[in-house]
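Visitor: Fold the following and give me the result.
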Amino acid sequence: MNKFIGPIAIFTLLCTATQASLSIGLSLLYDNNDLGSEVGFAPNLGWQLSDNDYFNHTLEAEVAFLGIEGTKGGHTFDGSSTPLLLNYRLNWNANDVFGLYSGVGLGFSSNKMKTTGAAEKKSTDFAWQFQLGTRLTFAESYNFNLGYRHLSAGEADAKVDGGHNIIDLGFRYVF
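Guide: Residues are numbered from 1 along each chain as shown. Purely as a prediction, here's the structure:
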């Protein structure tokens, strides 16, 4: 037990010094990829590292669920992508209600793709994303965000690009 006291004390001190907070969020993703448009979901759990009047730094874990289907080159595709990402987000707070954010994320994605006349292909690939958006805060702990993200989730099929251009509409609760 004594060997855990030091790391716990350092962690507690860092959290107190950085005014950390925990957030839970859910985003509804409208994805316009080269096969067509799809709707997906991205739940996330974040840890705010600093809190001051103008800038906040946030780390969050996110898992997204994206459907991919459509027709390209005479072939019909039906698949899914499930990226798991660790995101860093920089939030700029212009005032108590309105803010802007930008962020990057790294991780991996589990992809499945079924093509007409072929067996289902599965792959696990490196995934990354960048985000830009705006945030509206009400009642101190509740945030809505509207943003854009580009997510590169790898390719389960060589004929289908794994890049996704996504409009992100989200809700976040900060403890």
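Visitor: Could you state which residue of this structure sits nearest its centroid?
Guide: Per C-alpha atoms, centre = their mean, the C-alpha nearest to the average position across the chain is that of Glu62, at 4.9 Å.
Visitor: ok, Glu62 touching Leu84?
Guide: Yes: here Glu62 lies in contact with Leu84, judged by C-beta atoms under 8 Å, at a distance of 7.5 Å. The way it works is simple: take the backbone N, C-alpha and C, and place the C-beta from them, glycine included.
Visitor: Need the per-residue pLDDT for the residue nearest to the centre of the chain.
Guide: Per-residue confidence (pLDDT) for Glu62: 89.
Visitor: which ones are touching the closest residue to it other than its chain neighbours?
Guide: Among residues not flanking Glu62 along the chain, Asn44 sits closest, at 3.9 Å (C-beta to C-beta, 6 or more residues apart in numbering). Contact analysis of Asn44 by C-beta atoms under 8 Å, 6 or more residues apart in numbering lists Ile24, Gly25, Leu26, Ser27, Glu60, Ala61, Glu62, Val63, Asn87.
Visitor: Tell me the one among the residues you listed nearest to Asn111.
Guide: Lowest distance from Asn111 to the contacts of Asn44 (C-beta to C-beta) belongs to Val63, with 13.8 Å.
Visitor: What is the burial count for that closest one?
Guide: Residues contacting Val63 under the criterion other C-beta atoms under 10 Å number 15.
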